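Participant: Got a predicted structure here, sequence first:
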Amino acid sequence: MSNTLEVGKKLVELCRQGKAMEAVNTLYHPKIVSLEVADNPSGPARMEGLAAIKGKGEWWEKNHEIHSGEAEGPWPHGDRFIVRFKYEVTPKTGPMAGKRINLDEAALYTVKDGKIIQEEFFYHHGG
């Protein structure tokens, strides 16, 4: 898959099917860089490499009861595209444990050689 739009469509399709880990395994570059808003319990704000990203995804799935999830987009621009995610979850750990919450975030993905080489998340963090 070399076309940025094709990669974006496949990512959205897999996320809508609840197959985020399949998306990581099939669409992500081995040298992927992931940028979150801040350090969090799943790891530092900046993570590099496929193993680290898989670990972050596994942590998320293990530590949240996911009631619903939506993926909108993609919106492409050159070698990048944006996807909007909305989730309704109940965290199993941390200060929000047991409280049902809504999450709304956008992610900017960069594609290189037909694979996602960088993901950058944008969301309101705390207070």
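Facilitator: Structure received.
Participant: for this protein, what helix or strand is lowest in average pLDDT?
Facilitator: Ranking every helix and strand in the chain by mean pLDDT, DSSP states H and E puts helix 50-63 at the bottom, with a mean of 93.
Participant: Give the other helices and strands that that one contacts.
Facilitator: Helix 50-63 makes packing contacts with helix 20-27, strand 28-35 when contacts are defined by 3 or more CB pairs under 8 Å, 6 or more residues apart in numbering; DSSP states H and E. C-beta: built from backbone N, CA, C; applies to glycine.
Participant: would CSV of these with mean pLDDT be doable?
Facilitator: As requested, these are exported to CSV (pLDDT from 0 to 100):
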stretch, mean pLDDT
helix 20-27, 95
strand 28-35, 97
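Participant: Neighbours of the nearest residue to residue 5 once chain neighbours are set aside, how many?
Facilitator: Distances taken as CB to CB, 6 or more residues apart in numbering place residue 76 nearest to residue 5, at 4.7 Å, with adjacent residues excluded. Using other CB atoms under 10 Å, the number of residues around residue 76 comes to 18.
Participant: Distance of residue 76 relative to residue 56?
Facilitator: Noted for residue 76: a distance of 25 Å to residue 56, by CB to CB, to the nearest Å.
Participant: Break down the protein into its strands, ranges please.
Facilitator: Residue ranges of the strands in the chain, as given by DSSP state E, are 28-35, 46-48, 64-77, 80-91, 101-112, 115-122.
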